[in-house]
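Enquirer: Starting from these lines, generate the structure:
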Amino acid sequence: MKISVSLMFVLLMLMVASACAPNAAVVPTPTLESSSPTPLPTMPATPEPTVELTEPQVTETAVSETGNGEQNQTVIYKIVPGESRVTYEVGETFINQNNRFAVAVGVTTEVRGEVYANLSNPPESSIGVIEVDISQFKSDSSRRDGVIRNQWLESARYPIARFEPLRVEGLPQAYSEATPYAFRVIGNLTVKDVTREVAFDITAQLSGDTLTGTATTTLLMSDFGVGPISILGVLNTEDEVKLTFDFIARP
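Expert: Numbering: from 1, shown residues only. Below is the predicted model of the structure:
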């Protein structure tokens, strides 16, 4: 059988077209989803350095010693009641005993106060207020004590005598253990409701932790409105009275 040239040309064209046709499988078109982007991992933050504010450390200054053995701080010595005492001495004449003269002595141990001793610089030392319970004065005569307490000194009404130092004179420039030093303290003494400036002469020394000393002064009772004392037909006292303060003080 003979096939015409035109028919063969048509068949050839169909074969070429079949070979060039696309596959029947359909590739789906990708769609865009509206989702949030995945966050990138974050590195942990480096902590900033912190500065702690602390209160300044306050320490008590201990008692230390210099090369000369001197302590370099002020020490407060408290006067010890019971171990310290204040004494008055006043002359009296007994009219009913042929004008016999005697010295009346009264004592109280109720005394309080403080001494501020700067052991490395003694001139910087000072003395606080001293208070004495004069209602507790006792002598060898309860009759005398009663008259003084209720009539003359009126210590039943004004029991506390108060000495307020104003200045200290004559303190040493240096301190040595167990060495007595003499100096003077000037201040205001209040008895009853009267205040007068008086001066005490003092000798004191420090041995270990115990400060001991004696302070003396002489004053007129009339300056404070308490004398001289006169009991008609019995006795008369002098106007001048001596006060002695023997003290023991410890830190």
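Enquirer: In three-state terms, how would Pro172 be classified?
Expert: coil (DSSP: H, G, I helix; E, B strand; the rest coil).
Enquirer: Go ahead and confirm it touches Pro122.
Expert: Yes: contact criterion CB atoms under 8 Å: Pro172 and Pro122 qualify, at 5.1 Å. Backbone N, C-alpha and C define where each C-beta goes, glycine included.
Enquirer: which residues are common contacts for these two?
Expert: By the contact definition CB atoms under 8 Å, 6 or more residues apart in numbering, Pro172 and Pro122 are jointly contacted by Tyr181.
Enquirer: Comparing these two, which shows the higher neighbour count?
Expert: Set Pro172 next to Pro122 and count neighbours by other CB atoms under 10 Å: Pro122 wins out with 17 against 13.
Enquirer: The more buried one and Arg184, how far apart?
Expert: 14 Å (CB to CB, to the nearest Å).
Enquirer: got any ranges where the stretch 101-250 of the chain has weak pLDDT?
Expert: For the stretch 101-250 of the chain, applying pLDDT under 70 flags no range at all.
Enquirer: Which parts of it are helices?
Expert: 142-147 (DSSP state H, counting those that start in this stretch).
Enquirer: Could you pull out the strands in it for me?
Expert: For the stretch 101-250 of the chain, the strands defined by DSSP state E, counting those that start in this stretch cover 111-112, 114-118, 126-127, 130-133, 160-169, 181-191, 194-207, 210-220, 230-231, 235-250.
Enquirer: Out of these, which one sits most buried?
Expert: Of all these, strand 130-133 has the most neighbours on average by mean count of other CB atoms under 10 Å, namely a mean of 22.
Enquirer: Who are the packing partners of that one?
Expert: Strand 130-133 sits against strand 111-112, strand 160-169, with contacts defined as 3 or more CB pairs under 8 Å, 6 or more residues apart in numbering; DSSP states H and E.
Enquirer: Distance to Ser176 for those - can I get that in CSV?
Expert: Listed next are these as CSV, based on distance: least, CB to CB, whole Å:
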stretch, distance to Ser176
strand 111-112, 27
strand 160-169, 19
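Enquirer: out of those, nearest to Ser126?
Expert: Counting by CB to CB, Ser126 lies closest to strand 160-169 out of those; the figure is 6.3 Å.
Enquirer: Sheet-wise, list the partners of the closest one with their directions.
Expert: Its sheet considered, strand 160-169 pairs with strand 130-133 (antiparallel), strand 181-191 (antiparallel) by DSSP bridges.
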